[in-house]
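Student: I would like to see how this sequence folds:
(one chain, ligands or ions: 1)
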Amino acid sequence: MLVSSKELLDAEKATGRAIPAYNVYNLETIEAVFRIAKARESPVIVSFGESYLKHADFATIRAIVEARSLEHPYPVCLHLDHCKKIEHIRAAIAAGFSSVMFDGSALPLGENIALSREVVSLARAAGISVEGELGGMNPESGEEPADAAQLRYTQVADVEEYVSKAGVDSLAVSVGNAHGLYKDKPHLNMERIAEISRVAGIPLVLHGSSGIPTAQIAKAITLGIAKINVNTELAIAAASAAKTVLDAKRSARFEELALAAVDAMVAAADPYLAVCRNPRQFLAG
Ligand code: 13P
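Tutor: Numbering: from 1, shown residues only. Alright, predicted model coming up:
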């Protein structure tokens, strides 16, 4: 059964743990997510962004994820990642997604609040939850390594107004994290995470978790991050595994590449699930 992200994240935050949200866009990526969640006996968030609509439609993704969730003995949330268009939010809700993200982070605060409220009322009517975002992240599919220092950090002063007026269930923050590969070693601003968490009072979400050192993710979880988004690390592992197969065998067929890619994504996903389930084990020093 699919559960809302609020149900999952509130429970995880209360126990000092987090849940990874892995991005999916086809059968292989979904297979990898369920394999790692099963191996680690864990709930999981399966995350499909509107930018992936060129790969599959909402109903197809929902059908595959629901079928796989019936065999998974732990809760599964099907989440719409980074969505800027209300029509896509309506379509994902109609297709049976159990959580949606409205990304109004590039808008002035007042507009972000107004549109987030609209999304919250659509989601409430369907009994599902909403993730909002404050602060600026680089685009999800950046070609160049991102410079986290140039991002627009979430302003603590905006948080209380946004959360109380928009009514979202979780909040994505910009605290030194960036989508894609990092140009330099990332340094999350832990004081800011703690302060935002105190003011927001709802689970926080860390986008761009690929490449953030495990000890930093662990610390962030202890300070209020309850969901970490992971995509790039899996996507690169899959592509590189496919290349290895092709380099070794010129006649390799697509199905052989796909199987190698799934194995590589499972291996790449594992450290993120491990730190989410037991962050204290990974704290530095
Ligand atoms: P990465 O691709 O950097 O892991 O970020 C994923 C993400 O934040 C999806 O919303």
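Student: pretty sure Ala32 is touching Ala267, no?
Tutor: No - assessed by CB atoms under 8 Å, Ala32 is found out of contact with Ala267, at 9.3 Å. For the C-beta atoms, the positions are set from N, CA and C on the backbone; glycine is no exception.
Student: looking at the two, which is more packed in?
Tutor: Set Ala32 next to Ala267 and count neighbours by other CB atoms under 10 Å: Ala32 wins out with 24 against 14.
Student: what sits closest to the more buried one if chain neighbours are left out?
Tutor: In space, and not counting its chain neighbours, Ala32 is closest to Met265: 3.6 Å by CB to CB, 6 or more residues apart in numbering.
Student: show me what contacts that neighbour?
Tutor: For Met265, the contact set (CB atoms under 8 Å, 6 or more residues apart in numbering) comprises Glu28, Thr29, Ala32, Leu234, Ala237, Ala238.
Student: okay, and which of those map to helices?
Tutor: Taking DSSP state H, the ones among the contacts of Met265 that sit in helices are Glu28, Thr29, Ala32, Leu234, Ala237, Ala238.
Student: any chance you could map the strands in the stretch 151-285 of the chain?
Tutor: Taking DSSP state E, counting those that start in this stretch, the strands of the stretch 151-285 of the chain run over residues 170-173, 204-206, 225-230.
Student: typo on my end, it should be the stretch 1-150 of the chain
Tutor: Going by DSSP E, counting those that start in this stretch, the stretch 1-150 of the chain shows strands at 19-23, 44-49, 76-83, 99-102, 129-134.
Student: and the contacts of the last one?
Tutor: If you take CB under 8 Å, 6+ apart as the criterion, strand 129-134 is touched by 4-7, 79, 98-105, 112, 116, 119-120, 123, 154-155, 158-159, 162-163, 166-174, 205, 207, 227.
Student: does it reach the ligand?
Tutor: No - interface with the ligand: strand 129-134 contributes nothing (CB under 6 Å from any ligand atom), its closest point being 9.7 Å away.
Student: right, I'll call it a day here.
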